[in-house]
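*Asks:* what shape does this take:
(one chain, ligands or ions: 1)
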Amino acid sequence: MTPVDTIRTIETFIVSIPREVPYLGPLRPGESVNSKGYVVRRGNRSIYPTTDMSVLVRIEGESGRIGWGETYGIAAPQAVKAIIDELLAPTLIGRDPGQPVVINEDLYDLMRVRGFFGGYYVDALAGIDIAIWDLFGKNVGLPLATLLGGRRHERLPAYVSGLPKATLTERCDLARAFVDKGYRAIKFAAAMSDDGVVREMAALREAVGPDVDLMVDLHWKYTAGEAIRLIRKLEAHDLYFAEAPCQPEDLEGQASVARAIGVPLALGEEWRTVYEYRPRLEARAMSIVQPEMGHTGVTAFMQIGRMAQAFHVDVIPHASISCGIFMAASLQAAAALQRVPYHEYQHSIFDRNLVYTTGEMDCEAGYYIFPEGPGIGVEPSPRLFDHVVAGG
Ligand code: MG
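*Replies:* Take a look at the predicted model:
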C-alpha cells in the first residue's frame, strides 16, 4: 500500500524558558545556582535547572505537513538532541508516519542489546514518537485521542501540583486560593516541607477543609520503614495518595510500603517503558501509575496505561516541565484511557507556557480543556522560538 506521506526531515530544538521562581520554590539555605544554571535541592538530593528546558522535535513529511513532538530536557538536553540528530533522524527519512508503533519498536530495537532501554535514549524516542503521531493525525485529519481508540472523557480533573511558596502560611494561602478557583485536589512536596511533613499536611487540611483530595510527593527520600511510619501519620489527615516514598530501584521497598499503608501508593514518573512498570505491577508495588509523556511518548504511555488497566490500577499522568507540546499529547492519550481520576497540573509551568502554543488547551476551575484539532491539537507559537538555545 502506498503511504499517504513519508518523512522528509527531522529537526530538534533545545528550548530554555526563564522563570522568576525556580521549580520547587525559592532557594533554601545552602542551595545555590552553579555555573551552568543548575541547583541541587538539598531536600531530595536531586539536580534541577533554573529555567524550563525541554527538547522540541519537528518532523516534516513530503506532504509539507509538520508533526511536533517534545521530550524531557531538564538536565543536559544536549544529550537527547545529539541522539536524535546523529543517530535516529537519518534512519527515519522515507518512513511512513502512519506507522508510529512500528517505527517506535524499530527505534527501540536499534540500541536494546547495548543496554539502552531507559534514560536519555528512550527520552529521544519519546520526542520522535509524539511528533510522528501528530503528523499521522494531521495527515488523516483526526485528533490523537481518536487514533488511540476514542475519547472516553469529555474533561479531565486536574490536581494542583506543588505550592511553591517560602513559608507554610503562604502555602496554605495558595492552596485555599486554588480551592476558591474550583480545584478539588492538591499535592504538596515533602522535600519543601521545612516544618515537617505531618505538620504541613495537618495545616493544609485545616486550610482547605474536608472535601479536597490532598496528596504528598515524598520525592524518594525515605527507607521503606520510615515511609510506612510517616504515611500512617498522614492517613489521620485523610491522604488521597502518597507518591514515590523510596528510591526508584527499591522495588521490594515500594511493595512493602504499598502493603503496609491504608492509602494508595502512586509511582512511575521516572520509568519509561512497560518493562519497567510490569515487575512493579506484578509485585503490587502501587495502585496508581504516573506515566510522564515526556519520557514515554504516546506509544509507551498507552502500553503502560492499558497494562495498568489490566491490573485494575488507576492512571494519574505525571506532568513535568513542558513547553506545552508533550502536555497536549498527555491530555489526548489520557482522554483515551478508562481509569484516569486526575491528571497532574503543574500550574507554575503550564499556565505561563500557554503563550508558547496555539490551540484551545487550558486548565480552568479544576478541569483541563482538551486541545481540539487533528494530531495533538496544538502547535508551537512563534514566541516559543525566541527561547531556542543558540546552536540548539
Ligand atoms: Mg513526583
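*Asks:* where along the stretch 101-250 of the chain do the strands fall?
*Replies:* 156-161, 185-189, 213-217, 239-243 (DSSP state E, counting those that start in this stretch).
*Asks:* tabulate those strands (TSV), appending mean neighbour count and mean pLDDT.
*Replies:* Glycine gets a C-beta too; all of them are placed from N, C-alpha and C. Shown next, in TSV, are the strands of the stretch 101-250 of the chain (neighbours: other Cβ atoms under 10 Å; pLDDT from 0 to 100):
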stretch	mean neighbour count	mean pLDDT
strand 156-161	24	97
strand 185-189	24	96
strand 213-217	24	98
strand 239-243	24	98
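*Asks:* mind listing what residue 171 touches?
*Replies:* 163, 165, 188, 200, 204 (Cβ atoms under 8 Å, 6 or more residues apart in numbering).
*Asks:* which ones among those residues are found in helices?
*Replies:* 200, 204 (DSSP state H).
*Asks:* residues near the residue lying closest to residue 245 once chain neighbours are set aside, how many?
*Replies:* Leaving aside its chain neighbours, residue 245 sits nearest to residue 227 (3.5 Å; criterion: Cβ to Cβ, 6 or more residues apart in numbering). By the measure other Cβ atoms under 10 Å, the count of residues near residue 227 is 24.
*Asks:* where's residue 227 relative to residue 21, distance?
*Replies:* Counting by Cβ to Cβ, to the nearest Å, the separation of residue 227 from residue 21 is 29 Å.
*Asks:* kindly report the same for residue 385.
*Replies:* 24 Å.
*Asks:* residue 1: neighbour count?
*Replies:* Neighbour number of residue 1 under other Cβ under 10 Å is 5.
*Asks:* any idea of the pLDDT on it?
*Replies:* With respect to pLDDT, residue 1 has a value of 77.
*Asks:* same thing with residue 368?
*Replies:* 97.
*Asks:* cool, and residue 329?
*Replies:* 98.
*Asks:* buried ones in the helix ranked longest in the chain?
*Replies:* Longest helix in the chain, counting residues (DSSP H): helix 119-140. For helix 119-140, the neighbour count (16 or more other Cβ atoms under 10 Å) marks 120-139 as buried.
*Asks:* ditto for stretch 57-77
*Replies:* For stretch 57-77, by 16+ other Cβ under 10 Å, it's 57-61, 65-74, 77.
*Asks:* identify the residue nearest residue 299 in space, chain neighbours excluded?
*Replies:* residue 104 (4.3 Å).
*Asks:* and the pLDDT at residue 392?
*Replies:* 66.
*Asks:* let me redo that: residue 220
*Replies:* 94.
*Asks:* what's the burial count for residue 251?
*Replies:* 16.
*Asks:* and the gap between it and residue 113?
*Replies:* 24 Å.
*Asks:* now swap in residue 2 and tell me
*Replies:* Residue 2 is 33 Å from residue 113, by Cβ to Cβ.
*Asks:* between these two, which is the more surrounded one?
*Replies:* residue 113 (8 against 5).
*Asks:* which ones are touching that one?
*Replies:* Per Cβ under 8 Å, 6+ apart, neighbours of residue 113: none.
*Asks:* and the helices in the protein, which stretches?
*Replies:* Using DSSP H, helices in the chain cover 77-82, 89-92, 100-112, 119-140, 144-147, 168-180, 197-208, 224-235, 251-260, 274-282, 293-310, 325-335, 347-353.
*Asks:* format the CA atom coordinates belonging to the third one as PDB.
*Replies:* Read it as helix 100-112. Only the C-alpha atoms of helix 100-112 are listed here, as PDB (Å, rounded to 0.1, in the frame of the first residue of the first chain):
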ATOM      1  CA  PRO A 100       4.100   5.200  14.700                       C
ATOM      2  CA  VAL A 101       4.100   2.000  16.700                       C
ATOM      3  CA  VAL A 102       6.100   0.100  14.100                       C
ATOM      4  CA  ILE A 103       8.700   2.900  14.000                       C
ATOM      5  CA  ASN A 104       8.800   3.100  17.800                       C
ATOM      6  CA  GLU A 105       9.600  -0.600  18.100                       C
ATOM      7  CA  ASP A 106      12.200  -0.300  15.400                       C
ATOM      8  CA  LEU A 107      14.000   2.600  17.100                       C
ATOM      9  CA  TYR A 108      13.900   0.800  20.400                       C
ATOM     10  CA  ASP A 109      15.500  -2.300  18.900                       C
ATOM     11  CA  LEU A 110      18.400  -0.300  17.500                       C
ATOM     12  CA  MET A 111      20.100   0.000  20.900                       C
ATOM     13  CA  ARG A 112      18.400  -2.500  23.200                       C
END
